[in-house]
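[1] Below are the sequence and a predicted model for it; my questions follow.
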Amino acid sequence: MQNKLRKSSTDKAISGVCGGIAKYFGISSLGVRILFMILPANLLIYIILANTIPDSPPSL
C-alpha cells in the first residue's frame, strides 16, 4: 500500500502539517518543525500546505 501525504490528526500543533510530513517520510515531527522554523519563507509555505494537504481520515 502506498503512503499518501495527509495532515496528521494525532500529531498536530496547529493544523497537523508537520506531523503529516513527518509520518510520510518516517522521521521525527520535531525535526520537521525545526526545519520549518529555519526556512526563509516558512509562513507562506505552511499556509499553502495547510490549505492543500487533505485531512487524514478520522480514526476510531
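    Sure, I can see it.
[2] Can you name the residues that contact the residue nearest the centre of the chain?
    Against the mean C-alpha coordinate of the chain, by Cα atoms, centre = their mean, the closest residue is V17 at 2.3 Å. Residues touching V17, when contacts are defined by Cβ atoms under 8 Å, 6 or more residues apart in numbering, comprise 7, 46, 49-50, 53. (C-beta placed from N, C-alpha, C; glycine too.)
[3] if you skip the residues just before and after it, what's nearest to it?
    Leaving aside its sequence neighbours, V17 sits nearest to L49 (Cβ to Cβ, 6 or more residues apart in numbering; 4.8 Å).
[4] Does the one you found fall in a helix, a strand, or a coil region?
    Secondary structure, DSSP: H, G, I helix; E, B strand; the rest coil: L49 is helix.
[5] What confidence value was assigned to it?
    L49 is assigned a predicted lDDT (pLDDT) of 92.
[6] now do M1
    What the model reports for M1 is a pLDDT of 52.
[7] follow-up on the earlier one: pull the most distant pair out of the contacts of V17.
    Among the contacts of V17, the pair separated by the greatest distance (Cβ to Cβ) is K7 and Y46, at 11.5 Å.
[8] more neighbours, these two?
    In this comparison of K7 against Y46, neighbours counted by other Cβ atoms under 10 Å, the higher total goes to K7 at 21 against 16.
[9] What is the burial count for the residue lying closest to the more buried one once chain neighbours are set aside?
    Closest residue in space to K7, ignoring its immediate chain neighbours: G16 at 3.7 Å, by Cβ to Cβ, 6+ apart. For G16, the count of nearby residues is 21 (other Cβ under 10 Å).
[10] residues contacting G16?
    Counted by Cβ under 8 Å, 6+ apart, G16 has contacts 7-9, 55-56.
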